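1. 3D model of this:
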Amino acid sequence: MPNAPPLRLAPSLLSADFADLAQAIRAAEAGGADSFHLDVMDGHFVPNLSFGPALVAAVRARTRLPLDIHLMIDDPLRYVEAFHRAGGNTLVFHVESSSEPDAVIRAVKRLGAAVGAAIRPATPFSRIEPWVDRLDQVLVMSVEPGFSGQKFLPEVLPKVRAARARLAKDGRAADVSIDGGVTPETAVPAAEAGASFFVCGHSVFGGGPVAENLRRLRIAVEEGARRAVR
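-> Model (predicted):
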């Protein structure tokens, strides 16, 4: 697909064994992971609590891979500096949060980090479109944010196509990320629609050898990308 970035797999550590997170990181690295995805939840924007900057810093100390920080929090502007300092390479905020998108984008860029914006399954692409030309990543949620292990919602795929088409029109190769229920079966249509960055949690850490799970996902996204150019 023209102007599309490389296909990348980002295992989500929310689905890993917290009692042996270092081993989960090592296994995913050995299996060819391109990045790690960390979900930050505040119990307000989504009904769950998860990682803070201290855990991000602990992960940063155990891997040299990029860290993709998904801020599922009500006031991301308040926390972008803390998560960047902890080791986040890409900071992704939700346009549905209370922070003003322009302010978050400016703040992240001032830090020298990559910036992404995310939308929930029910949020139309038009809500994020005004900022697409300033983003390094557009994240389309394919489940309701807050919990791992949910089933993929195929009705979000038109938003993936819209994001990739808008980026292609502008001649930009930013990432279009898909997050939620990504498996070898759902990764194919997601890649075909234009996704390039695949957040994969339960399908990587939910059972079986991590390296084999990542291999199967890699085959699937490559197949989807081939279909996109036929």
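
2. Packing partners of the helix or strand encompassing V59?
-> Per DSSP states H and E, V59 falls inside helix 53-60. Helix 53-60 is packed against helix 21-30, strand 36-41, strand 67-72, helix 80-86, with contacts defined by 3 or more Cβ pairs under 8 Å, 6 or more residues apart in numbering; DSSP states H and E. Bear in mind the C-beta positions are built from the backbone N, C-alpha and C, glycine included.

3. what does the second one contact?
-> So the one you mean is strand 36-41. The contact list for strand 36-41 (Cβ atoms under 8 Å, 6 or more residues apart in numbering) reads 10-14, 25, 28, 48-52, 55-56, 59, 63, 65-73, 79, 83, 88, 145-146, 148, 179, 199, 201.

4. Would you pull up how far that strand lies from the middle of the chain?
-> How far strand 36-41 lies from its chain's middle: 8 Å, per Cα atoms, centre = their mean, to the nearest Å.

5. Quick one: mean pLDDT over that strand.
-> Mean pLDDT, strand 36-41: 96.

6. With stretch 214-230 instead?
-> Confidence over stretch 214-230 (mean pLDDT, whole number) is 94.

7. Mind naming the longest helix for the chain?
-> helix 210-228 (DSSP state H).

8. ok, and for it, which residues are buried?
-> For helix 210-228, a neighbour-count test (16 or more other Cβ atoms under 10 Å) marks 210-211, 213-214, 216-218, 220-221, 224-225, 228 as buried.

9. Show me which residues of the helix holding V59 are buried.
-> 53, 55-57, 59-60.

10. If we only consider those, which is nearest to A122?
-> Nearest to A122 out of the buried residues of helix 53-60 is V56 (Cβ to Cβ; 28.3 Å).

11. so who does that closest one touch?
-> 38, 40, 67, 69, 83, 86-88.

12. Check those and tell me the two furthest apart.
-> Farthest pair in those (Cβ to Cβ) is V40 and G87. Separation: 12.7 Å.

13. Looking at those two now, which is surrounded by more residues?
-> V40 (26 against 18; other Cβ atoms under 10 Å).

14. Next one: that one relative to A193, how far apart?
-> 26 Å (Cβ to Cβ, to the nearest Å).

15. Any stretches of the protein with poor pLDDT?
-> Applying pLDDT under 70 to the chain picks out residues 1-3, 148, 230.

16. change it to 90
-> 1-5, 44, 47-49, 51, 144-150, 173, 228-230 (pLDDT under 90).

17. Tell me where it has helices.
-> Using DSSP H, helices in the chain cover 21-30, 53-60, 80-86, 101-111, 157-169, 184-193, 202-205, 210-228.

18. Out of those, the one nearest Q137 is which?
-> Of those, nearest to Q137 by Cβ to Cβ is helix 157-169, at 9.8 Å.

19. Which residue, other than its chain neighbours, is closest to G224?
-> Counting by Cβ to Cβ, 6 or more residues apart in numbering, G224 lies nearest to A191, which is 2.7 Å off, once chain neighbours are set aside.

20. Likewise for I119?
-> In space, and not counting its chain neighbours, I119 is closest to I128: 5.2 Å by Cβ to Cβ, 6+ apart.

21. That neighbour - how many residues pack around it?
-> The number of residues packed near I128 is 24, by other Cβ under 10 Å.

22. circling back to that earlier point, drop anything exposed from the contacts of strand 36-41.
-> For the contacts of strand 36-41, buried by 16+ other Cβ under 10 Å: 10-14, 25, 28, 50-51, 55-56, 59, 63, 65-73, 79, 83, 88, 145-146, 148, 179, 199, 201.

23. can you pull the buried residues of stretch 134-151?
-> Buried residues in stretch 134-151 (16+ other Cβ under 10 Å): 135-143, 145-146, 148, 150.
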